[in-house]
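Visitor: Sequence and computational prediction follow.
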Amino acid sequence: MTITSPVPGTHGRLNSKVPSEQLAELRDIFAQRRPGFSLDAPFYADPTVFSCDMQGIFAKQWIFAASIAEIPEPGDYVTVEFGPSALILLRTEDEDGNPGGVNVLHNVCRHRGARVLTERAGTTGNMVCGYHSWTYNETGALIHASAPGQADFDKSCYGLKTAHSKIVAGLIFVCMADEPPTDFDEVAKIIEPYLAPHEIASTKVAFQQELVEEGNWKLVMENNRECYHCDGHPELACSLFPTWGLSEGIIPPHLEEAWMRNLEAEAALQDRCDRYGLPYKVIEELDTRVAGFRISRESLDGEGESFSASGRRLSKKLLGDLRDFRLGRCSLHLQPNSWFHLLGDHVITFGAFPVNEHQTVVRTTWLVASDAVDGVDYNLDELTHTWKMTNVQDRAFVEMCQTGASSPAYEPGPYMKSEYQVEAFISWYVERMREYLGVDAVSSTGEVTA
Amino acid sequence: MTITSPVPGTHGRLNSKVPSEQLAELRDIFAQRRPGFSLDAPFYADPTVFSCDMQGIFAKQWIFAASIAEIPEPGDYVTVEFGPSALILLRTEDEDGNPGGVNVLHNVCRHRGARVLTERAGTTGNMVCGYHSWTYNETGALIHASAPGQADFDKSCYGLKTAHSKIVAGLIFVCMADEPPTDFDEVAKIIEPYLAPHEIASTKVAFQQELVEEGNWKLVMENNRECYHCDGHPELACSLFPTWGLSEGIIPPHLEEAWMRNLEAEAALQDRCDRYGLPYKVIEELDTRVAGFRISRESLDGEGESFSASGRRLSKKLLGDLRDFRLGRCSLHLQPNSWFHLLGDHVITFGAFPVNEHQTVVRTTWLVASDAVDGVDYNLDELTHTWKMTNVQDRAFVEMCQTGASSPAYEPGPYMKSEYQVEAFISWYVERMREYLGVDAVSSTGEVTA
Amino acid sequence: MTITSPVPGTHGRLNSKVPSEQLAELRDIFAQRRPGFSLDAPFYADPTVFSCDMQGIFAKQWIFAASIAEIPEPGDYVTVEFGPSALILLRTEDEDGNPGGVNVLHNVCRHRGARVLTERAGTTGNMVCGYHSWTYNETGALIHASAPGQADFDKSCYGLKTAHSKIVAGLIFVCMADEPPTDFDEVAKIIEPYLAPHEIASTKVAFQQELVEEGNWKLVMENNRECYHCDGHPELACSLFPTWGLSEGIIPPHLEEAWMRNLEAEAALQDRCDRYGLPYKVIEELDTRVAGFRISRESLDGEGESFSASGRRLSKKLLGDLRDFRLGRCSLHLQPNSWFHLLGDHVITFGAFPVNEHQTVVRTTWLVASDAVDGVDYNLDELTHTWKMTNVQDRAFVEMCQTGASSPAYEPGPYMKSEYQVEAFISWYVERMREYLGVDAVSSTGEVTA
């Protein structure tokens, strides 16, 4: 086991370094993680581990933050917070006066540290801090600060700090690292052909929901990465084949009929995709690369169009240049904090934003075609019903596990075969954290294995 | 002073060991406790001391959890939580299909750690975890877990963890230790003859109250162990002789009349008990054994039957095979977390369940004869009035002390003679914790005395 | 850098000493504070720094607690809490039966630590603890404790702990140190002539407001020490000249007219003060002595009488023996926790009472002449409007900064020239804490400079 640099502690607290006794234990639990099993309790309940997660994962990786549909016009912004960080995503204008890229700015005034923008979303010109009116332009440069008698005050030293952004088919990712991982570019090239036909840039927000879940962010993600629990989602179960997560050879007898229906629907969907030139192959690199992901286009049960009880479309307007509603769901899972469903009639984006070791905000956004009209082309309650219910059910599952993790009777339990994507998420997480902490894996015999 | 094994830290947190600097201080405050005085502030306000309490007391001793009247039928269960632990108490069936013993199971699914039963009480067959439907039988054995493609999945490795139970005259005690203290069996034999005639197994729950008190569990217990404060309980004061806790020779002049009345009532009660074959002698072994207790049958003021203003019965149905209402109260105090009053017409059980260093849940249960009918044989408001009021008053007392304990002006104060049972509780606690921490007592001169 | 005595930890917690690794960092951040810039994040967000603040500042310095108008009669009391401390300020009777001095007692019963007085304010004779009726007289002496059988119980050992008090022109200051700083006496002599003419002892409380601000106490004080943000106070801006905090030579062009108006008003005010024998000179010793302060009498904009939109009086009764309403505001700033405005028609006192590292209570009290009648001489809503609004606005500013301080993007920002009093407050604070911690200043090159 190689021990390298010391580990920073919690932002805004003393202990800029984790105390040495605790650091040794921290490294041990990462070195000794037992593959195939859920994590030890401190991963879910300890504030120091949380702080390390924020630094080793959320300050280093590309993080899904919003979609371009949330900030369609120059000057539109949305704010996001994860752990101790607060960011502004600001839509810029290109040279022709059209909506351009996205600037990412730390939402912390360089004068006295106040939040510069205090709303969750809005439209702004130059950004004026509400405390002393320090004024920043769209790049974060400080362009005005009253400084009577201070001719030598150098505004150029006090621009808002910036972070990186990348837009992939209308999804906005941010990275706070000085040198963002480059691997993400390759992934962007792979997933873009799946996503692009849905033209997120030509959608609008129909609804956005924020749920505060009383659970560690990793429990939120684990829950999202398996459908072993989908009996607990009666609404969603209408849309998903009950064999989700299973494969040839491990289909239990009572699911054989569903499996056959699934195979038929898959074949029909693939024909349709071939006809329209839409990719559908499952690509799964969840823990084999830095920008771990899984993408696929899979059929939906019933009429196969959307997340309704019958499988029938929920919005009458097709997205982008799609020519058919029966396109199932193009689903994308991205490490560490997001998942997406793109359908013929709407798109749903999900982002998990950690608050502290026992709370996570899940922000869900429903997007429909820009010209779809509520009450005419879609009914908002119907559009959002399945995932509103599913999210609330998932919250309860996450919270059941969070309370359990602190019990002395808790010990890591086995991930089942149908939970292999949970295991992949955890493996990805442990690998990134080992890199961050400079820790090698230790086998159960105590030997270094990586 | 002998220092032995290191001390585990807080469940679900890093610091599986208490940091060395803190450990030395922890041992010191236990070694140096000054007899006759309340504890130093960290005993009431420090989270590490709380965590040690949970491990040194609540995970080692027999803990009162509920009475058999709360789970009368096979399949009935009640859940309890103290500190980080969550337990299920499940009534079983005997070989003849009648209500049997009580199984105690940790309420933590062995798959992903979810709470298995999420209600406070209810009736269940096999227990199905709400997350992935892992199903356990009444012994906690895992009898079903969907595991497609995993023929080798060994269910026998994943039963719910169990704890010990013991039923004493209808009161259920649990113990999480591998080897429960055996001393409790002796105590059970001593107290059973006092309790048995009230036949708790033939009672039903008339009412149950849960109060969250903003105070350390030891302040809750200290408050319960003296009546020096009973001027603050006007309702209860009607029932208790104002000389409670005093004895011959220390009766202040203004209480002499009450003392005489008390002596007369005691004599009459003892005659009655002798006639019915009921034990009444005070047996007090509060800090002289591991299963510290005090039991007695004492007269009540007024008519001497029950906790009403006049002393008159509150339920018309006599309990068990009792033949007289004028039996005063059979009162039992048990270390570390319970007390009980058994009267001719009803029984009240009290359990204190620590939440964290500054919060404790007190669960109070009123039991009446199984065949007593609300509105006919008893009036629920009248039945519960005295102790509902008394509990709320006690909560205020506990909370006044909790805020004080963190003040720099706080220093341990003297327990008065009438508070000798508080001192006994604290002595018992300190002795158990010294055993747990491997610490000897240190005299005020710094010499080891034990 | 000299390192002296170890630093006590948090009251009521283990770690009576700050752990050594943390202590080194604590000393470093005080030694290395960069003049002219806001503090590093842990000063605003770390619980250990807060605990040190309570011990190094609030337990050592003279702290403003209340005014004599709040406890006009013998037996009147008010309670204050800051950090872990709780104090009673009790008005005594002099030898002639008239209102006398103020006794300061720790509000912690010496028996079991309960709060003795549980109301924020009231009138009491002897003070009776609500738990076991231990009774203390006005000096804190224990005069009654029921102690049957304890003839040797020595009441004289268990009086309430006391603190020091000092009344300056009707303002009550308390000090918990064994040996209060003597420097305060000099300051009292300097400020008394400014304050005395307003005769606080002849006022009454018209209104008192308590705001809980979600911010560190130092952010509350920093906010109070500059008017660079006064664009955010539209109500207050009517009264203050917009050039507040500026001086000749650094007046920006757009404020020149206001500056001239200010100069004229100042000249007129000074004439008036000379005529009435009222001192008005600015005396500013904010960080050059232990009892740092600033006092002045400054003109108000508009009619120059009070904090109304027009500058017109808000109460028709002149205070004390004043003979003119047009007296501007006599304003006093005192380190560490108070500020005051004394006008012809009313007085406002402000005290900041820290709760924990992220919460502070600001108690604001409006005083009018004893014989002023609500609805006749003043309208309560009008009287309190400007500062009620201003306080709420200030709370928002403080809270914007508190959230920012924990962000990894936060770094200390520059105090502007118009914020020099903020810098003075911080310098005063750092100097006191260096004394307390036994730390010298370290220059940015690492050399010891003090």
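Guide: Yes, it's here. Residues are numbered from 1 along each chain as shown, chains lettered A, B, ... in the order given.

Visitor: Excluding covalently adjacent residues, which one is nearest to the residue nearest the centre of chain A?
Guide: What sits nearest the mean C-alpha location of chain A, by C-alpha atoms, centre = their mean, is A:Ser338, with 2.0 Å. In this structure, A:Ser338 finds its nearest non-sequential neighbour in A:Phe64, 3.5 Å apart by C-beta to C-beta, 6 or more residues apart in numbering or on different chains. Glycine gets a C-beta too; all of them are placed from N, C-alpha and C.

Visitor: Looks to me like that neighbour is in a helix.
Guide: No - the assignment for A:Phe64, made by DSSP: H, G, I helix; E, B strand; the rest coil, is strand rather than a helix.

Visitor: Any idea what it is bridged to?
Guide: Beta bridges link A:Phe64 to A:Phe173 when assigned by DSSP bridges.

Visitor: List the residues that contact the closest residue to chain B within the stretch 101-250 of chain A.
Guide: Minimum separation of the stretch 101-250 of chain A from chain B (C-beta to the nearest C-beta) falls at A:Ile250, amounting to 2.7 Å. Contact analysis of A:Ile250 by C-beta atoms under 8 Å, 6 or more residues apart in numbering or on different chains lists A:Lys417, A:Ser418, B:Pro148, B:Gly149, B:Gln150.

Visitor: are any of these buried, and which?
Guide: When the contacts of A:Ile250 are checked for burial by 16 or more other C-beta atoms under 10 Å in any protein chain shown, the buried set is A:Lys417, A:Ser418, B:Pro148, B:Gly149.

Visitor: Which member of those residues is positioned nearest B:Gly122?
Guide: Among those, A:Ser418 lies closest to B:Gly122 (C-beta to C-beta), at 29.4 Å.

Visitor: How about the residues of the stretch 351-450 of chain A by chain C?
Guide: On the criterion C-beta under 8 Å from any C-beta of the partner chain, chain C has no neighbours in the stretch 351-450 of chain A.

Visitor: quick one: low-confidence parts of the stretch 351-450 of chain A?
Guide: Along the stretch 351-450 of chain A, the model assigns pLDDT under 70 to residues A:442-450.

Visitor: OK, now which residue of it is nearest to chain C?
Guide: A:Asn356 (11.0 Å).

Visitor: can you check chain A too?
Guide: Across chain A, no residue is closer to chain C than A:Gly149, which sits at 2.7 Å (C-beta to the nearest C-beta).

Visitor: before we move on, the earlier item: model confidence at the residue nearest to A:Ser338, what's the number?
Guide: pLDDT recorded at A:Phe64 is 98.

Visitor: these two touch, right, it and A:Phe353?
Guide: No - applying C-beta atoms under 8 Å as the test, A:Phe64 and A:Phe353 come out as separate, 9.7 Å apart.

Visitor: tell me, what's touching the two both at once?
Guide: Common neighbours of A:Phe64 and A:Phe353 (C-beta under 8 Å, 6+ apart) are A:Asn337.

Visitor: what residues does chain A put near chain C?
Guide: A:11-17, A:19-20, A:59, A:84-86, A:106-115, A:118, A:130-133, A:145-150, A:153, A:158, A:161, A:176.

Visitor: among those, which are within reach of chain B?
Guide: Near chain B, judged by C-beta under 8 Å from any C-beta, the entries from the residues of chain A next to chain C are A:Pro19.

Visitor: Just the ones of the residues of chain A next to chain C in helices?
Guide: Taking DSSP state H as the definition of helices, the residues of chain A next to chain C contribute A:Ser20.

Visitor: Filter the residues of chain A next to chain C down to the buried ones.
Guide: Neighbour counting by 16+ other C-beta under 10 Å classes A:11-17, A:19, A:59, A:84-86, A:106-115, A:130-132, A:145-149, A:153, A:158, A:161, A:176 among these as buried.

Visitor: Which members of those are positioned in strands?
Guide: Cross-referencing those against strands under DSSP state E gives A:Ser85, A:Ala86, A:His106.

Visitor: And those, which is closest to A:Glu285?
Guide: A:Ser85 (27.0 Å).

Visitor: Bridge partners for the closest one, pull those for me.
Guide: Beta-bridge pairing for A:Ser85 (DSSP bridges): A:Phe82.

Visitor: Just confirm it contacts A:Gln55, I think it does.
Guide: No - using C-beta under 8 Å, A:Ser85 makes no contact with A:Gln55, being 10.2 Å away.

Visitor: show me the residues around the residue of chain A most remote from its centre that make contact.
Guide: Within chain A, the residue lying farthest from the chain centre (C-alpha atoms, centre = their mean) is A:Gly149, at 47.7 Å. By C-beta under 8 Å, 6+ apart, the contact list for A:Gly149 reads C:Leu246, C:Ser247, C:Gly249, C:Ile250, C:Lys417.

Visitor: same thing but 10 Å
Guide: By C-beta atoms under 10 Å, 6 or more residues apart in numbering or on different chains, the contact list for A:Gly149 reads C:Leu246, C:Ser247, C:Glu248, C:Gly249, C:Ile250, C:Ile251, C:Pro252, C:Met416, C:Lys417, C:Ser418.

Visitor: Mind exporting the C-alpha coordinates of stretch A:242-262 to CSV?
Guide: Provided in CSV are the C-alpha atoms of stretch A:242-262 (Å, rounded to 0.1, in the frame of the first residue of the first chain):
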residue,chain,number,x,y,z
PRO,A,242,-40.1,-7.1,-15.4
THR,A,243,-36.9,-8.8,-16.7
TRP,A,244,-34.8,-5.6,-16.5
GLY,A,245,-31.3,-6.3,-15.3
LEU,A,246,-31.6,-10.0,-16.1
SER,A,247,-30.2,-11.8,-19.1
GLU,A,248,-30.5,-15.1,-21.0
GLY,A,249,-29.9,-18.0,-18.6
ILE,A,250,-30.9,-16.4,-15.4
ILE,A,251,-34.6,-15.7,-16.2
PRO,A,252,-36.7,-17.3,-13.5
PRO,A,253,-39.6,-19.4,-14.8
HIS,A,254,-42.4,-17.0,-13.8
LEU,A,255,-40.7,-14.3,-15.9
GLU,A,256,-40.3,-16.3,-19.1
GLU,A,257,-43.3,-15.0,-20.7
ALA,A,258,-42.3,-11.4,-20.0
TRP,A,259,-38.8,-12.2,-21.3
MET,A,260,-40.2,-13.4,-24.6
ARG,A,261,-42.4,-10.3,-24.9
ASN,A,262,-39.3,-8.3,-24.2
